[in-house]
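> after the sequence you'll find the predicted model.
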Amino acid sequence: MTYRSINPFTEQVVAEHPEHSDTETEAILARAEETYRSSWSRMSYAERGRVLAAAADLMHERREDLARLATTEMGKRCTELLWEVDLCVEILRYYAAHAERILAPRPLEVAAGSARIEANPLGVIFCIEPWNFPFFQLVRVAAPIVMAGNTMILKHAPSVPGCALAVEQIFTDAGAPAGVYANVFLTDDQCAALIADDRIKGVALTGSERAGAAVAATAGRALKKITLELGGSDAFLVLDDADLDLAVSIAVASRTMNTGQGCACSKRFIVHSSLYDAFLERFTEAFEALVAGDPMDDATDVGPLASEAGLARALGQIDLARTHGAKVVTGGHRMEREGFFLEPTVLTGVTPDNPVFRQEIFAQVAMVFSVDSDEEAIELANNSPYGLGGSVMSADVERAESVAARMDTGMVFINRVGDAGPTLPWGGVKNSGFGRGLSDFGIGEYVNWKLIRTGA
């Protein structure tokens, strides 16, 4: 059975769910389209906003239960999941309050007569989302899509079916009409058929580069609007004037957040040669001091990886890096204990001809590099197929902003790392995808910006 959650800490099966049949999927799609046409798209922003505000209240009320559920299904530390649920509450409340302002008609300057653009919803949007942020990934697409007047069908990752059902239940309990938000358990072939259906007006995917290429190809053949938020191998630049205490603490936090399983986690640490030895020593010591254990326990620093397959993949990449000349400074092995635990790992000497140099490692594995100038740091940071985010550490903010301007990424964070919030656009360039989520940009992705032109 594809939709099967396994507790990464105990390696025990939590729950199993059958896929929806083609007949069930057709009924879900038909209902989503009917709800869009007959009611949801015609409702006022205030009416739709009341549903989202109620969903936000319910998420807040259920935050501890939701956090425990997700920790059980995918192994993230419960304290991190409480933060994730709270972020979802902020996003729901933001769009409930601000969608009407963001999508208000905009007058255009013309020589005679009048002109304006209006934001009209598109219809049924199909979303495919990953397991690593099991609530955030759903809410960050759902809130803007449904507040704009669309309905949506959402396929979550097969390893977190409980989280998928919990979010669907929240929308139902918040008063969303049947068909506004529908969860589906589908195979890849069923997904392709759904994308090709004329009733689907757009596709949003967050996931791997491989998944993005496959879904984009299917959507392209069907001439469907699509947004992609894919992988990343974010560079963390430490300039020669950086506060080393701050740089090390932020670097460790970024690489170990969600056990390193984040597309916008810092993964490549590019350090000026004058600070390299001290940074590497302190960074390695901090990695070795991390406490692995039960992700439900607040004293735990590092939980298990989300799956045995993910653990095997990371171990394979470490071995590949080593066989091509990289040095494993610390870690590099599976922990000898129950659960899908990987030793926090630091690699050096990963050269551009090493296959791992251009790969994303989805685990608490850090690659550390030494450079002699800002120019060299920028060149190394940009030498990647990915372009999601990046960080620059420097005591001189103006200098850091100058470096940031030359980085080929969708986001750059100065003296901090990946920061998500309802007002901050999220997305990347190159193989990290296209389109933006969150902020005013996120809700603007799935509307028809229609021109209305009136004669003199």
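Alright, I've got the coordinates.
> state the number of residues packed around the nearest residue to residue 106 once chain neighbours are set aside.
Excluding its sequence neighbours, the residue lying closest to residue 106 (Cβ to Cβ, 6 or more residues apart in numbering) is residue 117, at 5.1 Å. Bear in mind the C-beta positions are built from the backbone N, C-alpha and C, glycine included. Residue 117: 15 surrounding residues under other Cβ atoms under 10 Å.
> correct me if wrong: residue 117 contacts residue 104.
No - between residue 117 and residue 104 there is no contact under Cβ atoms under 8 Å: 10.1 Å.
> what residues are up against residue 93?
Residue 93 sits next to 52-53, 56, 422 when contact means Cβ atoms under 8 Å, 6 or more residues apart in numbering.
> let me know the secondary structure of it.
Three-state call for residue 93 (DSSP: H, G, I helix; E, B strand; the rest coil): helix.
> now do residue 270
Three-state assignment for residue 270 (three-state DSSP): strand.
> beta partners of it?
Note on residue 270: beta-bridge partners by DSSP bridges are residue 237, residue 369.
> give me the number of residues near it?
Other residues close to residue 270 by other Cβ under 10 Å number 25.
> likewise for the one 10 residues further on?
Other residues near residue 280 come to 19 when the count uses other Cβ under 10 Å.
> which residues in the stretch 101-250 of the chain form strands?
Assigned by DSSP state E, counting those that start in this stretch, the strands in the stretch 101-250 of the chain fall at 106-108, 114-121, 124-128, 151-155, 181-184, 200-206, 225-229, 234-238.
> just those strands: most buried one?
Of these, the one with the most neighbours on average (mean count of other Cβ atoms under 10 Å) is strand 234-238, at a mean of 29.
> what sits closest to the residue minimising distance to the centre of the chain if chain neighbours are left out?
Centroid check for the chain by Cα atoms, centre = their mean gives residue 137 as the closest residue, at 5.7 Å. Nearest non-adjacent residue to residue 137, counting by Cβ to Cβ, 6+ apart: residue 129, 4.2 Å away.
> could you check how far that neighbour is from residue 436?
Look at residue 129 and residue 436: by Cβ to Cβ, to the nearest Å, they are 16 Å apart.
> the chain: helices as residue ranges?
Along the chain, the segments classed as helices by DSSP state H run 22-38, 45-61, 63-74, 78-102, 136-147, 161-173, 188-196, 209-221, 244-256, 273-288, 308-323, 374-382, 397-405, 439-444.
> where does pLDDT dip in the stretch 51-200 of the chain?
Within the stretch 51-200 of the chain, not a single segment meets pLDDT under 70.
> quick one, what contacts residue 59?
Neighbours of residue 59 in contact, by Cβ under 8 Å, 6+ apart: 66, 85, 88-89, 92, 135, 139, 170.
> next: residue 391.
234-237, 250, 254, 266, 412-418.
> pull out the buried residues from these.
With burial judged by 16 or more other Cβ atoms under 10 Å, the buried subset of the contacts of residue 391 is 234-237, 250, 254, 266, 412-415, 417-418.
> could you single out the nearest of these to residue 274?
Of all the buried ones among the contacts of residue 391, residue 274 sits closest to residue 237, with 13.7 Å by Cβ to Cβ.
> isn't the closest one right next to residue 266, touching?
No - in this structure residue 237 lies outside contact range of residue 266 using Cβ under 8 Å: 9.6 Å.
> find the residues that touch each one of the two.
In contact with both residue 237 and residue 266: 390-391, using Cβ under 8 Å, 6+ apart.
> related to what we said a few turns ago, and the gap between the residue nearest to residue 137 and residue 403?
For residue 129, the distance to residue 403 - Cβ to Cβ - is 33 Å.
> that older thread, relative to residue 262, which of the helices of the chain is closest?
So among the helices of the chain, helix 244-256 is nearest, using Cβ to Cβ, at 8.5 Å.
> tell me what the closest one is packed against?
Here helix 244-256 is seen to pack against strand 234-238, strand 266-272, helix 273-288, strand 365-371, strand 390-393 when contacts are counted using 3 or more Cβ pairs under 8 Å, 6 or more residues apart in numbering; DSSP states H and E.
> what separates the fourth one from the chain centre, distance-wise?
Yep, that's strand 365-371 we're talking about. Here strand 365-371 is found 23 Å from its chain centre; the criterion is Cα atoms, centre = their mean, to the nearest Å.
> buried residues in that strand?
For strand 365-371, by 16+ other Cβ under 10 Å, it's 365-371.
> redo the residues you listed as CSV? Include pLDDT and distance to residue 359.
What follows is the buried residues of strand 365-371, written out as CSV (pLDDT from 0 to 100; distance: Cβ to Cβ, whole Å):
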residue, pLDDT, distance to residue 359
365, 98, 10
366, 98, 14
367, 98, 10
368, 98, 16
369, 98, 15
370, 98, 20
371, 98, 20
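> quick check, nearest of those to residue 430?
Taking Cβ to Cβ as the measure, residue 430 lies nearest residue 367 of those, at 18.3 Å.
> my read is that the closest one contacts residue 350, right?
Yes - between residue 367 and residue 350 there is a contact under Cβ under 8 Å: 4.9 Å.
> distance of residue 206 from residue 274?
In terms of Cβ to Cβ, residue 206 sits 39 Å off from residue 274.
> swap in residue 331?
Distance from residue 331 to residue 274, by Cβ to Cβ: 26 Å.
> who has more neighbours out of those two?
Applying other Cβ under 10 Å to residue 331 and residue 274 shows that residue 331 carries more neighbours, namely 21 against 14.
> what does the model give the more buried one for pLDDT?
Looking at residue 331, its pLDDT is 98.
> show me the contacts for it.
Contacts of residue 331 by Cβ under 8 Å, 6+ apart are 287, 342-346, 365.
> find the nearest non-adjacent residue to residue 431, please.
In space, residue 431 is closest to residue 385, 4.4 Å off (Cβ to Cβ, 6+ apart).
> pLDDT score for that neighbour?
For residue 385, the predicted pLDDT is 97.
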